[in-house]
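Asks: predicted coordinates and the sequence they were generated for:
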Amino acid sequence: MNDFLGRYWSALPAPLRDQLEGYVTGFWSVLPQLVLSFVFLGFVWLCIKVLRWIVPRTLRRARMRRSLVDVVLMLLTVSAWLFGTLIAVTIAFPTITPGRALTALGVGGVAIGFAFKDVFENFLAGVLLLVREPFSIDDFIECEHIDGQVEEITIRDTHVRQTDGQLVVAPNAMFFKNPVTIRTARDVRRTTVICGVAYGEDVDRARDVIAAAVRGVDAVRDDVRDVEIFAQEFADSSINFEVTWWTGSRPIDIRTSRDKVVAAVKRALDDEGIEIPFPYRTMTFKEPLALARAAKEESDDAA
């Protein structure tokens with residue numbers, strides 16, 4: 001085997017042999033620095049592990065929000081790896097100074113920034129969302145046709161569980177650039193239904209009956225604000241009332257309170273004999289119409 005390698009080595013052109021020998025000699029000359037740089041990177045890794053164990057506990061004792069703890073920890077980790085890598089490079093290759101490494105990193109960073117513009121955009125948007133915290137986990141939000149509960153907020157994206165059970169993973173830049181409706185920003189929300197009564201009914205009496213029925217529903221938070229009933233319009237077949245009340249802010253709270261309010265108002269109006277009309281249509285003709293059936297019945301009675 002050694003004879004074969006020797007013959008193969010001697011068969012190589014002299015310039016190529018000199019170049020390979022230079023590479024081998026250079027590798028052995030820098031090997032101690034390479035080993036030392038890897039040892040230093042291991043030390044940096046150990047320091048980061050200790051940092052990731054100490055910093056979260058310290059910040060939580062200071063009652064810092066979980067999102068801010070994640071951001072601070074991420075920034076410290078990235079900074080430690082960046083400076084540790086720069087120092088390791090200068091250890092392995094003494095001719096490369098930190099200034100030159102930072103210059104090369106800056107030029108490379110511009111190229112990487114253009115190539116991964118969307119990634120960095122979502123990253124920065126995620127940092128700003130976590131710092132500002134316009135919405136948090138378990139909030140119900142709506143943005144760009146995404147409507148559901150926030151399950152997780154990461155540096156890059158946000159996970160929203162829609163009311164139909166589907167999970168939407170959306171980039172953070174979307175929530176940063178577009179208006180976001182936070183449905184659970186408060187514990188209560190206002191909701192409205194329209195209720196119509198016949199034109200022949202007393203408007204003031206109907207209003208009192210509807211208000212009493214709505215106040216009697218346990219899902220209505222009249223302790224926050226009172227129920228509001230307004231005669232809204234003269235509709236085609238009814239006087240329409242706008243019925244407004246406050247209830248819980250979650251979507252299930254809205255649907256449950258609507259169900260109970262509609263049932264209670266219908267029951268109360270029926271008990272008081274107040275008509276909730278079907279659509280009425282009055283037809284007027286210029287000339288009298290002859291009813292064939294009525295004429296037949298009159299002829300039968302005469303016979």
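Replies: Okay, I see it.
Asks: ranges for the helices of this structure?
Replies: 2-11, 14-61, 66-92, 98-115, 117-132, 172-177, 203-215, 251-271, 292-302 (DSSP state H).
Asks: distance of the closest residue to Leu128 other than its chain neighbours from Thr154?
Replies: In this structure, Leu128 finds its nearest non-sequential neighbour in Phe176, 6.3 Å apart by C-beta to C-beta, 6 or more residues apart in numbering. C-beta here means a position set from N, CA and C on the backbone, and glycine is covered the same way. Separation of Phe176 from Thr154 (C-beta to C-beta, to the nearest Å) stands at 14 Å.
Asks: between the two, who's got more neighbours?
Replies: Phe176 (18 against 15; other C-beta atoms under 10 Å).
Asks: pretty sure the more buried one contacts Phe123?
Replies: No. Using C-beta atoms under 8 Å, Phe176 is not in contact with Phe123; the gap is 11.1 Å.
Asks: gap between Val169 and Ala185?
Replies: For Val169, the distance to Ala185 equals 23 Å [C-beta to C-beta].
Asks: neighbours around the closest residue to Val71 other than its chain neighbours, how many?
Replies: Nearest residue to Val71 in three dimensions, chain neighbours excluded: Leu130, at 5.0 Å (C-beta to C-beta, 6+ apart). For Leu130, the tally of surrounding residues (other C-beta under 10 Å) stands at 22.
Asks: next: the one 5 residues further on.
Replies: Other residues lying near Phe135 total 21 when counted by other C-beta under 10 Å.
Asks: next: Phe278.
Replies: 9.
Asks: look up phi and psi at it.
Replies: Phi and psi for Phe278, reported as degrees, to the nearest 10, are phi -80, psi 170.
Asks: which pLDDT value goes with it?
Replies: pLDDT, Phe278: 83.
Asks: can you pull the contacts of it?
Replies: Contact partners of Phe278, counting by C-beta atoms under 8 Å, 6 or more residues apart in numbering, are Ser237.
Asks: ok, it to Ala198 distance?
Replies: From Phe278 to Ala198 the distance is 10 Å (C-beta to C-beta).
Asks: for the two, list the residues in contact with both.
Replies: In contact with both Phe278 and Ala198: Ser237, using C-beta under 8 Å, 6+ apart.
Asks: okay, now the domains of this protein?
Replies: Domain assignment for the chain, taken from automatic domain parsing, gives 2-115, 132-182, 188-271.
Asks: first-to-last residue distance for the shortest one?
Replies: Going back to what we said before, that points to domain 132-182. Distance between the two ends of domain 132-182: 14 Å, counting by C-alpha to C-alpha, to the nearest Å.
Asks: residue ranges with poor pLDDT in the stretch 101-250 of the chain?
Replies: Filtered on pLDDT under 70, the stretch 101-250 of the chain yields the residue ranges 101-117.
Asks: please repeat the previous calculation with a cut-off of 90.
Replies: Low-confidence segments of the stretch 101-250 of the chain (pLDDT under 90): 101-138, 144-145, 152-157, 163-164, 172-173, 176-177, 185-186, 222-225, 235-237.
Asks: okay if I get the domains of the chain as TSV plus distance to Ala290?
Replies: TSV is the format used below for those (distance: least, C-beta to C-beta, whole Å):
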stretch	distance to Ala290
domain 2-115	80
domain 132-182	57
domain 188-271	29
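Asks: Ile153: how many residues sit nearby?
Replies: Residues near Ile153, counting by other C-beta under 10 Å, number 23.
Asks: that one and Ser136: what is the separation?
Replies: Plainly put, Ile153 is 8 Å away from Ser136 if you go by C-beta to C-beta.
Asks: sorry, back to before: what sits against the residue nearest to Leu128?
Replies: Residues near Phe176 by C-beta under 8 Å, 6+ apart: 125, 128-129.
Asks: just the buried residues of those residues.
Replies: Neighbour counting over the contacts of Phe176 (16 or more other C-beta atoms under 10 Å) leaves 125, 129 as the buried ones.
Asks: Val203: which of the contacts of Phe176 is nearest?
Replies: Leu129 (49.6 Å; C-beta to C-beta).
Asks: and for the closest one, nearest residue in space, chain neighbours not counted?
Replies: Asn172 is the one closest to Leu129 (C-beta to C-beta, 6+ apart), at 5.6 Å.
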